[in-house]
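structure of the sequence below:
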Amino acid sequence: MAPPDWLCPITQTLMRDPVVASDGTCYEREAIETWFAHHDTSPLTNLKVESKTLVPNTTLKAAMKKEAETDQSLRAALAGRGCFSV
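Model prediction:
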């Protein structure tokens, strides 16, 4: 089972393209881009964000890939999300 930090707080699903927003939270890119298309606030705090710039969370993505190399259920979940092949 994936750690809770690997789930997008918007979709509650395993992230395939994790990014960090200016509120310091990691989101699935598509979910936060959709949110920011309609809002100038954080989906978690409802406070106005300083910027809508998103930074790829390469550390999380690498950790997910490394863990998936040994965890069959995680590998299947990530593959089902189109994350990457391992």
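
quick check on the residue lying farthest from the centre of the chain: phi, psi?
Going by C-alpha atoms, centre = their mean, the residue of the chain most distant from its centre is residue 70, 20.8 Å out. Backbone torsions of residue 70, given as degrees, to the nearest 10, read phi -120, psi -10.

if I look at it, how far off is residue 64?
12 Å (C-beta to C-beta, to the nearest Å). C-beta coordinates here come from the backbone N, C-alpha and C atoms, glycine included.

so where is this protein shaky, pLDDT-wise?
Along the chain, the model assigns pLDDT under 70 to residues 1, 80-86.

residue ranges of the strands in it, please?
18-20, 26-28, 55-56 (DSSP state E).

neighbouring strands - and their directions - for the last one?
Sheet pairing here is set by DSSP bridges, and for strand 55-56 it gives strand 18-20 (antiparallel).

name whatever forms a beta bridge with the residue lying closest to residue 13 once chain neighbours are set aside.
Nearest residue to residue 13, sequence neighbours excluded (C-beta to C-beta, 6 or more residues apart in numbering): residue 7, at 6.3 Å. Counting by DSSP bridges, residue 7 is bridged to residue 14.

what is the neighbour count of residue 7?
The tally of other residues near residue 7 (other C-beta atoms under 10 Å) stands at 15.

ditto for residue 60
Applying other C-beta under 10 Å, we find 17 residues neighbouring residue 60.

now do residue 49
By other C-beta under 10 Å, the residues close to residue 49 number 17.

how far away is residue 70 from residue 16?
As judged by C-beta to C-beta, residue 70 and residue 16 stand 19 Å apart.
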